[in-house]
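A.B. asks: Predicted model follows, preceded by the sequence.
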Amino acid sequence: MTTTTKPQAPPDTAPPDTSNHETPLSQKAPGSPFALVALSYLALLLLAALAFATVYWLLG
């Protein structure tokens with residue numbers, strides 16, 4: 001009984017992996033600076049605190 005095996009290509013002649021052609025998202029669109037995000041959250045928190053204080057002062 002004889003078995004036949006498929007010849008395998010050597011590793012240096014294997015075709016390159018071409019399944020992912022997209023560039024990473026971090027290279028496509030730059031992210032926002034941390035300071036801008038942090039300051040916007042602080043500004044919204046300040047506005048909410050001022051609104052709460054105004055309502056408390058008017059009703060108190």
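C.D. replies: It's in. Numbering: from 1, shown residues only.
A.B. asks: Could you pull out the helices in this structure for me?
C.D. replies: Using DSSP state H, the helices of the chain run over 25-28, 34-59.
A.B. asks: any idea which of these is most buried?
C.D. replies: Highest mean neighbour count among the helices of the chain (mean count of other C-beta atoms under 10 Å): helix 34-59, with a mean of 10. (Each C-beta comes from the backbone N, C-alpha and C, glycine too.)
A.B. asks: And that helix, what does it pack against?
C.D. replies: On a contact count with 3 or more C-beta pairs under 8 Å, 6 or more residues apart in numbering; DSSP states H and E, helix 34-59 meets no helix or strand.
A.B. asks: CSV please, covering the helices of the chain and showing distance to Ser19 and mean pLDDT.
C.D. replies: Below are the helices of the chain laid out as CSV (distance: least, C-beta to C-beta, whole Å; pLDDT from 0 to 100):
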stretch, distance to Ser19, mean pLDDT
helix 25-28, 17, 64
helix 34-59, 34, 95
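A.B. asks: For these, give me JSON lines that also has distance to Lys6.
C.D. replies: Below are those laid out as JSON lines (distance: least, C-beta to C-beta, whole Å):
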{"stretch": "helix 25-28", "distance to Lys6": "39"}
{"stretch": "helix 34-59", "distance to Lys6": "54"}
